[in-house]
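*Asks:* output the structure for:
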Amino acid sequence: MLISAFLVEDKPDIRDTLVEGMQEIAPVRFIGHAASEQAAKLWLNRCHDDWQIAIIDLFLAEGSGFGVLRDCQSRKANQKVVVLTSYKHQNITDRCLQLGADQVFDKSGELDELVAFCKAHANELDAGPHSLH
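*Replies:* Got it, this is the predicted structure:
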């Protein structure tokens, strides 16, 4: 099963590489992206039923991923929100989890873990609603 993904990343080269790579090795299909906090919030509110995972960078050229995380707090059980950042420090991880992130991944060294998370989420969704936590 492919899961519908939304990406918040302001650097086009990173966004393009991530989309290409993830679609090759993870069960994801990117259905949208945003480069700023405001654009992400608008998309997520307009398309609130269309996505199953949101991958959010924290430090954006305009706004931050923290605001996007806040907006995702009232998501459905089948929707996961993860942070993909170059600044994975304990205080940042703690803040992301407080704001409702399901997981925090480091851009430079934890892409395999992100892929595994996506695969596990796809398997949960494939198993049906009784398996969602």
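
*Asks:* which residues sit in contact with residue 18?
*Replies:* Residues near residue 18 by CB atoms under 8 Å, 6 or more residues apart in numbering: 7, 9, 55, 84. Where you see a C-beta, it was placed from the backbone N, CA and C, and this is true even at glycine.

*Asks:* point out where the chain drops to low pLDDT.
*Replies:* 129-133 (pLDDT under 70).

*Asks:* looking at strand pairing, list the partners for the spatially most central residue of the chain.
*Replies:* Residue closest to the average C-alpha location in the chain (CA atoms, centre = their mean): residue 55, at 1.6 Å. With DSSP bridges as the criterion, residue 55 is bridged to residue 7, residue 82.

*Asks:* check residue 103 too.
*Replies:* In beta-bridge terms (that is, DSSP bridges), residue 103 pairs with residue 82.

*Asks:* in stretch 97-116, which residues are buried?
*Replies:* For stretch 97-116, the neighbour count (16 or more other CB atoms under 10 Å) marks 99, 101-107, 110-111, 114-115 as buried.

*Asks:* tell me the one among the residues you listed nearest to residue 27.
*Replies:* residue 115 (9.0 Å; CB to CB).

*Asks:* doesn't the closest one lie inside a helix?
*Replies:* Yes - under DSSP: H, G, I helix; E, B strand; the rest coil, residue 115 falls within a helix.

*Asks:* for residue 106, see how far away it is.
*Replies:* 13 Å (CB to CB, to the nearest Å).

*Asks:* cool, and residue 38?
*Replies:* 26 Å.

*Asks:* also residue 31?
*Replies:* Separation of residue 31 from residue 106 (CB to CB) stands at 25 Å.

*Asks:* same thing with residue 40?
*Replies:* Counting by CB to CB - residue 40 and residue 106 are separated by 21 Å.
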